[in-house]
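*Asks:* Provide a 3D model corresponding to the input given below.
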Amino acid sequence: MGEAEAVAGPSVVLVEPQLGENIGMAARAMANFGLAELRLVTPREPWPNPKAKAAAAGADAVLDDARTFEKLEAALGGLNLVFATTARPRDMFKPVIDAGEAVRRAAAHVEAGGRAGFVFGRERWGLTNEEVALADVIVSLPVDPAFASLNLAQAVGIVAYEWRKAAMGEAPPIPSKSAAAAGREEVVALVDHLEAALERTDFFTPPEKHAAMMVHLRAMLSGAGFNPLEVRMLRGVISALEKGPHRRR
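*Replies:* Purely as a prediction, here's the structure:
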């Protein structure tokens with residue numbers, strides 16, 4: 001089957017993929033169903049990878065345009081609606097939806113001028129809680145609990161297939177949050193600013209709970225759907241509080 005014509009759609013972000021073959025097969029699934037933008041976070045094997053190209057079976061355009069990043073936060077740059085895919089339940093204040101509903105939201109968001117992305121985790125153990133916390137929505141794939149291990153390329157293929165159906169009009173889009181939402185890098189900077197301010201006030205007590213508390217704070221703020229003005233206002237509030245109390249003039 002030849003390369004599919006790319007339809008403007010969400011980015012596919014693979015976090016620390018281990019095998020070049022899996023990247024290639026994921027790229028092939030993307031091309032099959034009209035997705036074009038692939039982002040890789042610290043792939044284990046050197047990039048570009050000849051094994052990936054062989055497994056892509058002609059989806060060269062997806063691989064040639066793929067970009068690599070050292071951190072997930074950087075890979076989410078420019079995206080203002082992010083979905084984290086996982087087969088495991090997560091104890092977070094985030095909506096959990098299936099792939100069909102996720103791509104309908106993504107389609108409506110992209111049609112309105114926004115930018116969306118789907119994040120996929122490592123072949124062996126998926127995404128960490130800290131990584132899931134960076135997303136707006138969790139996408140749960142209903143695998144059999146008795147055998148929950150889903151191949152990376154298969155997971156990408158499920159989402160890409162649902163995207164194709166939505167893009168072709170087989171599934172009507174549902175209302176999405178505003179496409180003018182703040183970019184992921186703005187929200188990450190807001191959370192980092194808040195964390196630094198809280199550290200100076202000894203908020204993280206006892207210290208061993210710091211990481212867990214930040215996961216929940218990041219999850220809440222990342223999924224709030226702030227627009228750029230709201231992010232700037234919140235950062236201004238944090239900066240004002242950092243200066244300490246002042247007398248009223």
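
*Asks:* rest of the way, CA atoms for contacts and neighbours
*Replies:* Fine.

*Asks:* please enumerate the helices of this protein.
*Replies:* With DSSP state H as the criterion, the chain has helices at 20-32, 50-56, 60-64, 72-75, 99-111, 129-132, 152-167, 184-200, 210-222, 228-242.

*Asks:* can I get those in a markdown table including distance to V41?
*Replies:* What follows is the helices of the chain, written out as a markdown table (distance: least, Cα to Cα, whole Å):
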| stretch | distance to V41 |
| --- | --- |
| helix 20-32 | 12 |
| helix 50-56 | 15 |
| helix 60-64 | 14 |
| helix 72-75 | 6 |
| helix 99-111 | 21 |
| helix 129-132 | 12 |
| helix 152-167 | 14 |
| helix 184-200 | 15 |
| helix 210-222 | 19 |
| helix 228-242 | 25 |
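
*Asks:* out of these, which is the most enclosed?
*Replies:* When these are scored by mean count of other Cα atoms under 10 Å, the highest mean neighbour count falls to helix 20-32 (a mean of 25).

*Asks:* if we can go back for a sec, looking at the helices of the chain, which is nearest to F118?
*Replies:* Ranking the helices of the chain by distance to F118, with Cα to Cα as the measure, places helix 152-167 first at 8.4 Å.

*Asks:* and that closest one, what does it pack onto?
*Replies:* Contact partners of helix 152-167 among helices and strands, from 3 or more Cα pairs under 8 Å, 6 or more residues apart in numbering; DSSP states H and E: helix 20-32, helix 99-111, strand 116-120.

*Asks:* what's the domain layout of the protein?
*Replies:* With automatic domain parsing as the criterion, the domains of the chain are listed as 11-167, 184-242.

*Asks:* looking at the ones you listed, which has the lowest confidence?
*Replies:* Averaging pLDDT over each of the domains of the chain singles out domain 184-242 as the lowest, with a mean of 83.
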